[in-house]
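**Student:** From the sequence below, what's the structure:
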Amino acid sequence: MVVVLILYILEQMDQKKIVQQRIDLLESEHRYNSLFDLNPEGVFVIGPDRNFIKANSSLEQITGYTFQELSRMPYTHLLKEDQIKTSLKNLERVMQGETVKHPLTIFHKDGHEVELEITSIPFSIKNTITAVIGIAKDMTALNEAQEFKQRAQTLASVGELAAGLAHEIRNPLTSINGFAQLFQTQYAKEETGHFIRIMLKETERINFIISQLMILARPHMIIKQQHDLTRVLHRSFEFLENQDTIQVDLPKTPVYYMCEENLMTQLFLNLCKNALEAIPATGKISVSLKEVNESITISITDHGPGIPEDLMPMLGQPFYTTKEGNPGLGLLICYQIVQHHEGKMTIESKEGFGTTVSLEFPMHVTNERRKLYEASII
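**Tutor:** This is a model prediction of the structure:
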């Protein structure tokens, strides 16, 4: 009887251990599922065949694809072509037991690029690596914020320099221009008059450059009011000589935005002039305005020769230009005007296929963007 009793007690203890182990396993599985499914960052598992085994809802939002769609494609389908080779090397390193952290750019389902920071961790069962666990952090917004802040700092520095230079140059220039006009009245019919006319033309050009510099100087106050952007666009077209080359796609109803009308007119005028200068005499440019997802998007597209990829990072840099006789301040001024209106300007171009400049103005300015803007004008 004693032996039977001892065996019974041991059996009950084993049963309790088994039950406790099951409870611990369920709790561990629950924690794992919570960490996986409820993680705000994209979490996924990829097998050695490069296919998705598992993906959480955050990754679905990042990529635009459902898990069912992801499971039917290799992950390389999401990558830019020039990143596939490097990514496969990283996958090989992880399958050999190494944890790898690296940047990666993918294509969202709707076509736009998403910048990610990927942490890849080897997943092993019984000391054999069978898959890769990945954590994808969306860096697009952070990178945009850093770029916005850097550009704001550049504009602020150039603005301070511009204000000082413009003031120092304009004073003697006024005297030179005045005396040149006086001499022109006295020597208009002589050979000297030809050289005086050249002097006046060049002083006008210097004055134009100074005016551009003054726009870059940080304004003391920008008075914003509700303005119909369709009307502001049409107003900017009036300053262009070849208006017939512009194809417009604008709403029939007014699209109001809090802005400084003259600055916005200058912005649209600069961009349209750039587009017109890029196309042949018989070419056309397209201008569209749309309200999408609580934001106003304006696109100006030309079908000119496009911009070489190696020159794209230089666009908007102070005094950088590919046009002879141009001071190289037009795009910089555009960036500044967009910044002062809490917007975003992006330029997409492919050599041989033309260029599209997109302006996006939020209906409601986010606190993060407002803080960046306020920091840029202190």
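
**Student:** other SSEs contacting the helix or strand Leu88 falls within?
**Tutor:** Assessed by DSSP states H and E, Leu88 sits inside helix 84-95. Under the contact criterion of 3 or more Cβ pairs under 8 Å, 6 or more residues apart in numbering; DSSP states H and E, helix 84-95 touches strand 100-107, strand 113-125, strand 128-138. Backbone N, C-alpha and C define where each C-beta goes, glycine included.

**Student:** Which strands border the second one, and is each parallel or antiparallel?
**Tutor:** Each strand that strand 113-125 pairs with, and the sense of that pairing, follows from DSSP bridges: strand 100-107 (antiparallel), strand 128-138 (antiparallel).

**Student:** For the longest one, buried residues please.
**Tutor:** If you call a residue buried by 16 or more other Cβ atoms under 10 Å, then strand 128-138 has these buried ones: 131-138.

**Student:** Reformat those into a markdown table and put pLDDT next to each item.
**Tutor:** Output for the buried residues of strand 128-138, formatted as a markdown table (pLDDT from 0 to 100):
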| residue | pLDDT |
| --- | --- |
| Ala131 | 85 |
| Val132 | 86 |
| Ile133 | 85 |
| Gly134 | 86 |
| Ile135 | 87 |
| Ala136 | 87 |
| Lys137 | 87 |
| Asp138 | 84 |
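
**Student:** Run through the strands of the chain in chain order.
**Tutor:** Along the chain, counting by DSSP state E, strands occupy 42-46, 52-55, 100-107, 113-125, 128-138, 225-228, 246-249, 256-259, 285-292, 295-302, 344-350, 354-362.

**Student:** In a markdown table: the ones you listed, plus distance to Leu91.
**Tutor:** Putting those into a markdown table (distance: least, Cβ to Cβ, whole Å) gives the following:
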| stretch | distance to Leu91 |
| --- | --- |
| strand 42-46 | 7 |
| strand 52-55 | 13 |
| strand 100-107 | 9 |
| strand 113-125 | 7 |
| strand 128-138 | 6 |
| strand 225-228 | 52 |
| strand 246-249 | 44 |
| strand 256-259 | 46 |
| strand 285-292 | 36 |
| strand 295-302 | 37 |
| strand 344-350 | 30 |
| strand 354-362 | 34 |
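
**Student:** Quick one, which of the helices and strands packed on helix 84-95 gets closest to Leu271.
**Tutor:** Counting by Cβ to Cβ, Leu271 lies closest to strand 113-125 out of the helices and strands packed on helix 84-95; the figure is 22.4 Å.

**Student:** What are the buried residues along the closest one?
**Tutor:** 114-120, 122-123.

**Student:** just stretch 62-82 next, same as before
**Tutor:** Those would be 62-65, 67, 70, 75, 78-79, for stretch 62-82 by 16+ other Cβ under 10 Å.

**Student:** any chance of the helices and strands packed on helix 84-95 in JSON lines, plus distance to Val287?
**Tutor:** Shown next, in JSON lines, are the helices and strands packed on helix 84-95 (distance: least, Cβ to Cβ, whole Å):
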{"stretch": "strand 100-107", "distance to Val287": "27"}
{"stretch": "strand 113-125", "distance to Val287": "24"}
{"stretch": "strand 128-138", "distance to Val287": "31"}
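
**Student:** which one of the strands paired with strand 113-125 lies closest to Gln226?
**Tutor:** Comparing these by Cβ to Cβ, strand 128-138 comes nearest, at 33.9 Å.

**Student:** quick one, the closest one and helix 84-95 angle?
**Tutor:** 130 degrees (axes from the mean of the first three to the mean of the last three Cα atoms, to 10 degrees).

**Student:** Tell me which residues are up against strand 128-138.
**Tutor:** 39, 41-48, 53, 59, 62, 91, 94-97, 104, 114-124 (Cβ atoms under 8 Å, 6 or more residues apart in numbering).
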